[in-house]
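Engineer: this one's sequence-less:
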């Protein structure tokens with residue numbers, strides 16, 4: 001069987017079975033330009049042929065841009081470039097996210113560039129001092145060693161309009177040797193109880209600390225073992241509220257990113273008996289006080305909405321909704 005580009009699907013090792021500097025090794029360690037050059041060489045396709053096969057997939061990209069990417073003079077950062085890179089991975093026969101995972105944080109652009117110093121974990125929280133105090137009681141040293149490749153949040157809204165649960169799936173990549181946990185912070189202002197962390201996959205709970213006065217919790221999501229540089233992990237868990245204690249959450253759910261994420265997907269699913277009158281996605285870049293981008297969302301046939309952000313952060317990205325009057 002062949003893929004859409006008409007080229008057999010080959011394993012990474014089959015594409016380049018050589019030793020030092022092999023494609024398999026470069027897809028683990030990077031850097032991105034060298035891994036892309038190795039993938040192109042292993043494909044035995046010219047840049048013109050790659051451009052043609054991308055065009056067949058509806059992707060418009062110049063040969064010059066492909067050349068700049070593999071030379072390191074430029075790299076894909078804009079949403080349309082990241083989408084082109086996903087198709088390029090398929091054309092070259094490398095694993096999904098094999099190249100995009102090597103990109104790292106976007107580089108600053110323009111006068112309003114992203115901060116040059118890393119934001120503290122508590123920086124984007126309104127009750128920053130309370131969050132900072134909780135974080136002193138858990139180990140956060142792994143956080144800076146983890147690249148955010150993908151995150152998927154799915155929020156279930158109950159018939160009373162409260163948030164029943166939040167299912168989370170994350171793909172993280174070790175940028176250094178040794179990360180062994182993820183630091184979770186969760187806040188809800190309108191419930192007298194905090195959620196339980198259940199249905200964990202590829203992780204288990206370490207220390208869990210709570211500030212019950214303001215309903216904030218922090219938890220260590222422990223990996224099965226420390227990761228080596230270049231390794232990835234797919235981690236899942238669910239935050240589940242007790243029945244009768246579903247918080248309204250100000251009719252919004254948002255994720256805070258102190259470091260950029262390559263892909264963020266947020267879903268909100270509503271009970272069919274109580275559907276919102278209006279839904280809107282929004283984002284707040286770090287350093288801003290109000291949302292800079294908004295877009296109205298239409299309910300799908302199952303009574304839900306979703307939004308996707310590519311190359312987002314630092315900042316806050318979420319969905320808000322209004323109930324019928």
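Structural biologist: That came through, no problem. All of these numbers come straight from a predicted model, not from anything done at the bench.
Engineer: neighbours of the nearest residue to residue 242 once chain neighbours are set aside, how many?
Structural biologist: Nearest non-adjacent residue to residue 242, counting by Cβ to Cβ, 6 or more residues apart in numbering: residue 193, 5.8 Å away. C-beta here means a position set from N, CA and C on the backbone, and glycine is covered the same way. Neighbour count for residue 193, taken as other Cβ atoms under 10 Å: 15.
Engineer: what sits against residue 193?
Structural biologist: 241, 242, 245 (Cβ atoms under 8 Å, 6 or more residues apart in numbering).
Engineer: and for the last one, the neighbour number?
Structural biologist: As a burial measure, residue 245 scores 15 neighbours (other Cβ under 10 Å).
Engineer: helix, strand or coil for it?
Structural biologist: coil (DSSP: H, G, I helix; E, B strand; the rest coil).
Engineer: isn't it up against residue 192?
Structural biologist: Yes. Counting by Cβ atoms under 8 Å, residue 245 does reach residue 192; the two are 6.4 Å apart.
Engineer: that older thread, and the residue nearest to residue 242, what are its phi and psi?
Structural biologist: phi -140, psi 150 (degrees, to the nearest 10).
Engineer: so which strand or helix has residue 288?
Structural biologist: Here residue 288, judged by DSSP states H and E, is contained in no helix and no strand.
Engineer: what about residue 225, neighbour count?
Structural biologist: Residues within reach of residue 225, counting by other Cβ under 10 Å, total 9.
Engineer: and the residue lying closest to residue 271 once chain neighbours are set aside, what's its pLDDT?
Structural biologist: Leaving aside its chain neighbours, residue 271 sits nearest to residue 159 (4.2 Å; criterion: Cβ to Cβ, 6+ apart). pLDDT for residue 159: 93.
Engineer: for whatever helix or strand residue 82 lives in, packing partners?
Structural biologist: Per DSSP H and E, residue 82 falls inside helix 79-92. The contact analysis (3 or more Cβ pairs under 8 Å, 6 or more residues apart in numbering; DSSP states H and E) places helix 79-92 against helix 32-43, helix 47-56, strand 304-312.
Engineer: right, and the helix or strand after that helix?
Structural biologist: Per DSSP H and E, the first helix or strand lying C-terminal to helix 79-92 is helix 128-135.
Engineer: does anything pack onto that following helix? Which helices or strands?
Structural biologist: strand 181-187, strand 204-211, strand 216-222.
Engineer: just to revisit the earlier point, any chance of the helices and strands packed on helix 79-92 in a markdown table, with mean neighbour count, distance to residue 98 and mean pLDDT too?
Structural biologist: Listed next are the helices and strands packed on helix 79-92 as a markdown table, based on neighbours: other Cβ atoms under 10 Å; distance: least, Cβ to Cβ, whole Å; pLDDT from 0 to 100:
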| stretch | mean neighbour count | distance to residue 98 | mean pLDDT |
| --- | --- | --- | --- |
| helix 32-43 | 21 | 8 | 90 |
| helix 47-56 | 16 | 16 | 90 |
| strand 304-312 | 19 | 17 | 91 |
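Engineer: show me the one of these that comes nearest residue 90.
Structural biologist: Nearest of the helices and strands packed on helix 79-92 to residue 90, taken as Cβ to Cβ: helix 47-56 at 9.2 Å.
Engineer: what about residue 64, neighbour count?
Structural biologist: Neighbours of residue 64 (other Cβ under 10 Å): 12.
Engineer: actually residue 288, not the one I wrote
Structural biologist: 12.
Engineer: what of residue 133?
Structural biologist: Neighbours of residue 133 using other Cβ under 10 Å come to 15.
Engineer: wait, what's in contact with residue 58?
Structural biologist: Counting by Cβ under 8 Å, 6+ apart, residue 58 touches no other residue.
Engineer: could you give the angle of the helix holding residue 82 to helix 47-56?
Structural biologist: Between helix 79-92 and helix 47-56, the angle comes out at 110 degrees (axes from the mean of the first three to the mean of the last three Cα atoms, to 10 degrees).
Engineer: got any ranges where the stretch 51-200 of the chain has weak pLDDT?
Structural biologist: Scanning the stretch 51-200 of the chain for pLDDT under 70 picks out the ranges 104-118, 190-191.
Engineer: wait, residue 232 touches residue 101, no?
Structural biologist: Yes. Counting by Cβ under 8 Å, residue 232 touches residue 101, with 6.7 Å between them.
Engineer: got any residues that touch both of those two?
Structural biologist: The overlap between the contact sets of residue 232 and residue 101 (Cβ under 8 Å, 6+ apart) consists of 149, 173.
Engineer: roughly how far out does stretch 196-207 sit from the chain middle?
Structural biologist: 19 Å (Cα atoms, centre = their mean, to the nearest Å).
Engineer: now do stretch 226-245
Structural biologist: Centre to centre, stretch against its chain (Cα atoms, centre = their mean), the figure for stretch 226-245 is 13 Å.
Engineer: buried residues in it, which are they?
Structural biologist: Neighbour counts over stretch 226-245 (16 or more other Cβ atoms under 10 Å) mark 227, 230, 232, 233, 235, 237, 238, 239, 240, 241 as buried.
Engineer: tell me how far the ends of that stretch are from each other?
Structural biologist: In terms of Cα to Cα, to the nearest Å, the two terminal residues of stretch 226-245 are separated by 36 Å.
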